[in-house]
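Chemist: build me a model from this:
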Amino acid sequence: LTTTELARQLTGERNPRGIPSISFIEDMDTFMATTVARVGIEQVVGTFQELYSKMKFMELHLQKNKANLKTKIPEIVKTRDMVLFLQEKAAAEEAVNAHFNLADHLYASAEISDVNSVCIWLGANTMVEYTFEEAIALLDGNLETARTKLTNVNEDLEWLRNQIITSEVNMARVYNADV
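Modeler: Numbers count the residues shown, from 1 in each chain. Sure, this is the predicted structure:
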């Protein structure tokens, strides 16, 4: 029995995004008599530790994603609100006075009038000009995607916490059964 086969045996169903569950060992005596007797305690504990390490790594990665999404969502909302503000001013044919940062401690003022479009920074040194309607549609789509991703990340983090706890309990029970 290889470590990969043992890991497959110790994992169960997967969540919608493919993260496996760790199977709780109900009957420790049977597990010790069958699996541990065949492969040895070191391989079993090593496999549990490997699964535990993978789960902790995924948890760290998802926490970083969550932090990124929590900063991205307010930025999208703020950008959308600004596009709506500019659209209202353009419809009313009013000028907008803007103060913007050119460099550290260097600001400029401008009067913006007769505007029919906005430029949105997409990243990767790319800025694209959109009409107000196109920009709002793009930002609404991005906002919905970001909120869906945040919901999925939160679900995955909860799933992982449960799998990490199950893994820790299984490791302790195997170790204690061997002592």
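Chemist: use CA for all of it now, contacts and neighbours both
Modeler: Noted.
Chemist: what's the longest helix in the protein?
Modeler: When the chain is parsed with DSSP state H, its longest helix is helix 41-91.
Chemist: pLDDT on that helix, on average?
Modeler: Rounded to a whole number, the mean pLDDT of helix 41-91 is 95.
Chemist: adjust the sequence numbering to begin at 277 for everything that follows.
Modeler: New numbering, starting at 277: the last item is helix 317-367.
Chemist: got the contact list for the closest residue to Asn373 other than its chain neighbours?
Modeler: Take Asn373 and drop its neighbours on the chain: the residue closest to it by Cα to Cα, 6 or more residues apart in numbering is Glu387, 4.5 Å away. When contacts are counted by Cα atoms under 8 Å, 6 or more residues apart in numbering, Glu387 touches Ala371, Val372, Asn373, Ala374.
Chemist: show me those residues that map onto strands.
Modeler: Judged by DSSP state E, the subset of the contacts of Glu387 located in strands is Val372, Asn373, Ala374.
Chemist: among those, who's most crowded?
Modeler: Val372 (16 neighbours; other Cα atoms under 10 Å).
Chemist: and that one, how close does it get to Val391?
Modeler: 10 Å (Cα to Cα, to the nearest Å).
Chemist: Glu281 too?
Modeler: For Glu281, the distance to Val391 - Cα to Cα - is 63 Å.
Chemist: who's more crowded, the two?
Modeler: Val391 (17 against 10).
Chemist: find the nearest non-adjacent residue to that one, please.
Modeler: Nearest non-adjacent residue to Val391 (Cα to Cα, 6+ apart): Ala366, at 6.0 Å.
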